[in-house]
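Q: Model the structure of this input:
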Amino acid sequence: MSAKPLLAVVIALLFACAASAQESRIEAIENAQAEKAKDLHPYVPNAAERVIARLENGFFAPPVGAYPWFGSVLSGGGLAFGPGYRRPFAEDGVVNVFAGWSIKNYKTVDVHVHLPEAAEGRLLFDVRARWVDAPRVSYFGLGNDSVKGDRTSFDYEPLTVGFNAAVRPVRFFEAGGGIDYLRVNTGPGAGAVSIEEQFTPETAPGLGLDPKYTRSRVYAQIDSRDAPGYTRRGTLLRAEFSDYHQDGDGFGFNRVDLDARQFIPILRENWVIALRALASFTDAGTGEDVPFFLLPSLGGGSDLRSYSSFRFRDRNRLLLSAEYRWMPSHFLDMALFYDAGKVAEHRSDLDLNGLRYSYGIGARFHTLTANVLRIEYARGEEGGRLVFADDPCEAVDGAAAVYTDAWTSMGQEAEAEERRDAFARYQVNRDLLAVAPEALVMHCLPAHRGEEITSDVMDGPRSIIFEQSENRLHAQKALLVELLAG
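A: Numbering: from 1, shown residues only. Presented below is the predicted three-dimensional model:
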């Protein structure tokens with residue numbers, strides 16, 4: 001047999017083998033798909049996901065009109081609840097009013113007006129008024145060596161009315177300031193020992209006074225976190241200067257607060273190292289002092305976690321904190337933490353000697369952008385303490401993008417009505433975007449207008465849905481070029 005007929009036979013055999021192999025692969029794939037189809041069923045969320053969904057339904061969907069408010073009046077006051085009313089207006093303005101009462105008889109009334117933004121969202125304006133009545137705030141004395149047994153209480157009743165303006169030229173940077181009227185009334189505490197029974201104006205500066213301040217503030221911050229309420233990566237650097245101006249009582253002062261946080265993801269964010277450094281400094285002029293109830297403090301669920309709220313007070317403070325987090329599920333983080341800090345009369349004494357410390361373990365239930373519930377057990381020099389903390393801020397607060405998808409996909413048509421009812425609170429509309437003033441809107445298409453997203457949002461200036469779709473086209477073309485070239 002000549003070479004050419006032999007070559008033709010070989011090629012024919014190769015094509016036959018390739019065709020047979022291709023048919024075998026197709027048959028195997030079809031068989032695998034048929035087996036998988038036997039086990040198809042609607043997605044059933046696990047227990048943790050059901051708990052988070054319920055909490056999101058109650059806490060995170062931005063309310064319109066009357067709603068139940070839950071939160072904290074002041075550190076140490078316990079869980080508070082009460083009526084609230086929220087109403088969006090204009091393009092992205094929001095009025096939010098609520099009143100709360102806690103299980104320890106702490107009370108608050110809060111009025112917050114977020115005014116419509118200017119310059120395409122780069123200029124932000126807020127007006128706020130807040131009244132608090134906390135009848136049993138703790139005071140242990142001044143300094144890092146104050147004694148736990150000297151615990152007393154006092155009534156703390158501040159009223160704040162103020163205006164804030166900020167500029168955000170880029171997403172990661174913000175600078176601003178404001179001016180407030182601050183009136184603070186104090187009185188005997190409702191605890192076992194009232195403050196005036198154990199301390200004097202020398203050991204509790206400002207005892208018995210009800211000062212009034214004009215407070216001016218300026219701040220700047222760099223924030224690359226995914227969201228303020230919950231993140232696994234990014235940096236926060238914030239500096240704020242406040243001038244507490246007062247005429248008459250000798251208690252005018254300045255305060256500087258510095259806050260640095262770093263979140264370091266490891267192995268696709270399965271583990272996270274969270275670091276924090278916080279420092280506060282006060283400065284009073286000649287003949288002036290800082291009232292004890294406005295001094296920087298440490299102790300409570302957000303800093304030295306094994307100590308009670310306001311355990312340490314003095315003119316200056318330093319806090320260092322580290323956490324190692326791991327994620328056993330999508331909505332649950334576990335954490336090991338260590339806090340160390342101190343307060344001091346003089347800035348030069350804010351060193352690493354004599355630090356008070358806390359360490360422990362905790363669990364955090366969260367959404368993609370906010371912690372829902374934090375449960376921790378902390379130990380320190382004064383024993384152990386169980387910490388419960390919730391953060392009912394809206395899940396989209398601070399988000400850079402709000403992304404949605406169709407509620408009913410192919411093959412789920414029988415569940416369409418049930419899904420519309422279940423997901424109605426998660427519709428992307430103007431009210432939701434008012435909570436996330438910087439967010440762009442995305443959708444992977446096709447969309448069901450009036451269901452998961454409203455037409456005015458989909459066609460609005462913050463929508464990049466069709467640009468997103470075009471980018472996907474280019475990505476698919478690039479993939480085809482790569483496959484064909486290979």
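Q: and Gln468, that's in a helix?
A: Yes. Using DSSP: H, G, I helix; E, B strand; the rest coil, the assignment for Gln468 is a helix.
Q: For it, grab the count of nearby residues.
A: Residue neighbour count, defined by other CB atoms under 10 Å, stands at 17 for Gln468. Any C-beta I mention is one placed from the backbone N, CA and C, and that applies to glycine too.
Q: what does Arg232 give?
A: Arg232 is surrounded by 20 other residues when neighbours are defined as other CB under 10 Å.
Q: ditto for Glu451
A: Neighbouring residues of Glu451 were enumerated by other CB under 10 Å; the total is 18.
Q: same check, this time on Ala118
A: Once other CB under 10 Å is used to define contacts, Ala118 is seen to have 11 neighbours.
Q: Mind listing the residues bridging to it?
A: With DSSP bridges as the criterion, the beta-bridge partners of Ala118 are Leu123.
Q: separation between it and Gly208?
A: Separation of Ala118 from Gly208 (CB to CB, to the nearest Å): 45 Å.
Q: Now do the phi/psi pair for Ser242.
A: Recorded main-chain torsions at Ser242 are phi -130, psi 140, according to degrees, to the nearest 10.
Q: Show the pLDDT at it.
A: Taken from the predicted model, the pLDDT recorded for Ser242 is 97.
Q: okay but it is in contact with Arg215, surely?
A: Yes. Judged on CB atoms under 8 Å, Ser242 makes contact with Arg215 at a distance of 5.9 Å.
Q: Those two: which has the busier surroundings?
A: Using other CB under 10 Å, the more surrounded residue of Ser242 and Arg215 is Ser242, with 20 against 17.
Q: Next up, the contacts around that one.
A: Contacts here follow CB atoms under 8 Å, 6 or more residues apart in numbering; on that basis Ser242 touches 215-217, 254-257.
Q: Repeat that for Arg315.
A: Residues touching Arg315, when contacts are defined by CB under 8 Å, 6+ apart, comprise 281-282, 290, 295-296, 343-346.
Q: and the contacts of Ser242, which of them are in strands?
A: Among the contacts of Ser242, DSSP state E puts 215-217, 254-257 in strands.
Q: one step back: can you tell me which of the contacts of Arg315 are buried?
A: 281-282, 290, 295-296, 343-344 (16 or more other CB atoms under 10 Å).
Q: now, which of the residues you listed sits nearest Tyr139?
A: Looking at the buried ones among the contacts of Arg315 and their distance to Tyr139, the nearest is Leu295, at 9.9 Å (CB to CB).
Q: Would you mind measuring from the residue nearest to the closest one when sequence neighbours are not counted to Arg472?
A: Taking CB to CB, 6 or more residues apart in numbering, and ignoring the residues beside it in sequence, Leu295 has Arg313 as its nearest neighbour in space, at 4.4 Å. Distance, Arg313 to Arg472, using CB to CB: 56 Å.
Q: same thing with Gly177?
A: In terms of CB to CB, Gly177 sits 42 Å off from Arg472.
Q: where exactly do the strands run in the stretch 251-400 of the chain?
A: With DSSP state E, counting those that start in this stretch applied, the stretch 251-400 of the chain shows strands at 253-266, 271-283, 297-298, 312-313, 316-329, 332-344, 356-366, 371-380, 383-390, listed in chain order.
Q: Mind checking the pLDDT average for the fourth one?
A: In this model, strand 312-313 has an average pLDDT of 96.
Q: Show me what it packs onto, helices and strands only.
A: Using 3 or more CB pairs under 8 Å, 6 or more residues apart in numbering; DSSP states H and E as the contact criterion, the secondary-structure elements in contact with strand 312-313 are strand 297-298, strand 332-344.
Q: for the first one, same thing?
A: Contact analysis of strand 253-266 by 3+ CB pairs under 8 Å, 6+ apart lists strand 234-245, strand 271-283 as its packing neighbours.
Q: Dump the ones you listed to a markdown table, plus distance to Arg374.
A: Putting those into a markdown table (distance: least, CB to CB, whole Å) gives the following:
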| stretch | distance to Arg374 |
| --- | --- |
| strand 234-245 | 18 |
| strand 271-283 | 13 |
